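J.: Predicted model and sequence follow; I will ask about them next.
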Amino acid sequence: MNEKILLAEDDPAIIRFLNLALKMNKYDTHVAENGIKGINMFLSDKPDIVLLDLGLPDIDGTEVLSQIRQMSKTPVIILSARDKESEKVSALDNGADDYVTKPFNIQELMARIRVCLRKKEPEEKTENSFSYKDLSVDFDKRKVLLNGDEIHLTPIEYKLLSLLVSNPGKVLTHAYLQHEIWGYPSDDDYQSLRVFMASIRRKIEKDTNNPQYIQTEVGVGYRFLED
């Protein structure tokens, strides 16, 4: 059975374009032209993923996101013309799995949909290790290996890397990471977080200017890359 996508969008041109693209990629698309309909269709259709515009005609998309998050962990990708960093950070902090700014590249959007759907697949068992390319993490032994050789990370660096590899493909915002590591708001504009991330990169990346593991989402946070 094809994965079901709920598209909450009011622009007819974007609806037509995405309907065609999603159909070509074997997705079953359900369209809601406003927020209230989107919430009702989410309840009735039980989609596998939601593509959500913030600028809906009746209620703001942030309210739709809030309602969905009260009921479910179903992946939500924001599609919005709002490109301010504060808008992106707010949406991600409030439960969105990703944020794509209009106009967008359709192939990039399809890739991000695939990432979200992979994360949605049932994972009842607890994974004790993680491997990607030359990097592996043994959670039981709290060891990080690169090309089979153990690398030394400080406790904070290890926790940061563990958070990122446990959420592959997902943007983790500065505020989220700050809260998970230190448990209180930043008073230095996340400078300490940036210092730790730079140190992790120096230890695991061959070329810090062209990272293959950790990508910076400028002004928002960090994402662990995956194919």
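T.: Received, thanks.

J.: what's the distance between stretch 160-172 and the middle of its chain?
T.: In terms of Cα atoms, centre = their mean, to the nearest Å, the centre of stretch 160-172 is set 9 Å apart from its chain centre.

J.: Report the rounded mean pLDDT for it.
T.: In this model, stretch 160-172 has a mean pLDDT of 92.

J.: Make 48 the first number, not 1, from now on.
T.: Yes, from this point I'll number from 48; that puts the last item at stretch 207-219.

J.: Would you mark the buried spots in that stretch?
T.: For stretch 207-219, a neighbour-count test (16 or more other Cβ atoms under 10 Å) marks Leu207, Leu208, Ser209, Leu210, Leu211, Val212, Asn214, Pro215, Gly216, Lys217, Val218, Leu219 as buried. Where you see a C-beta, it was placed from the backbone N, CA and C, and this is true even at glycine.

J.: Quick one: the residues you listed as TSV, columns for distance to Lys93 and secondary structure too.
T.: Listed next are the buried residues of stretch 207-219 as TSV, based on distance: Cβ to Cβ, whole Å; DSSP: H, G, I helix; E, B strand; the rest coil:
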residue	distance to Lys93	secondary structure
Leu207	35	helix
Leu208	35	helix
Ser209	32	helix
Leu210	29	helix
Leu211	30	helix
Val212	30	helix
Asn214	23	coil
Pro215	25	coil
Gly216	23	coil
Lys217	22	coil
Val218	25	strand
Leu219	27	strand
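
J.: And these, which is closest to Gln238?
T.: Taking Cβ to Cβ as the measure, Gln238 sits nearest to Leu207 out of those, at 14.5 Å.

J.: isn't that closest one right up against Ile247?
T.: Yes - between Leu207 and Ile247 there is a contact under Cβ atoms under 8 Å: 6.3 Å.

J.: Please report how far Asp57 lies from Ser113.
T.: Using Cβ to Cβ, to the nearest Å, we find Asp57 at a distance of 19 Å from Ser113.

J.: neighbour-wise, which of the two wins?
T.: Remark: of Asp57 and Ser113, Asp57 carries more neighbours, 17 against 12, as counted by other Cβ atoms under 10 Å.

J.: In contact with the more buried one, which residues?
T.: Asp57 is in contact with Glu80, Asn81, Asp100, Gly102, Leu103, Pro104, counting by Cβ atoms under 8 Å, 6 or more residues apart in numbering.

J.: Can you get me a residue count around the third one?
T.: With neighbours defined by other Cβ under 10 Å, the count for Asp100 comes to 27.

J.: In strands, which of the contacts of Asp57 appear?
T.: Judged by DSSP state E, strands contain the following of the contacts of Asp57: Asp100.

J.: The contacts of Asp57: which two are farthest apart?
T.: Taking Cβ to Cβ, no two of those sit farther apart than Glu80 and Gly102, at 12.2 Å.

J.: Looking at these two, which is more packed in?
T.: Higher neighbour count among Glu80 and Gly102: Glu80, with 17 against 14, using other Cβ under 10 Å.

J.: Angles on the backbone of the more buried one, please.
T.: In terms of degrees, to the nearest 10, the main-chain angles of Glu80 are phi -90, psi 0.
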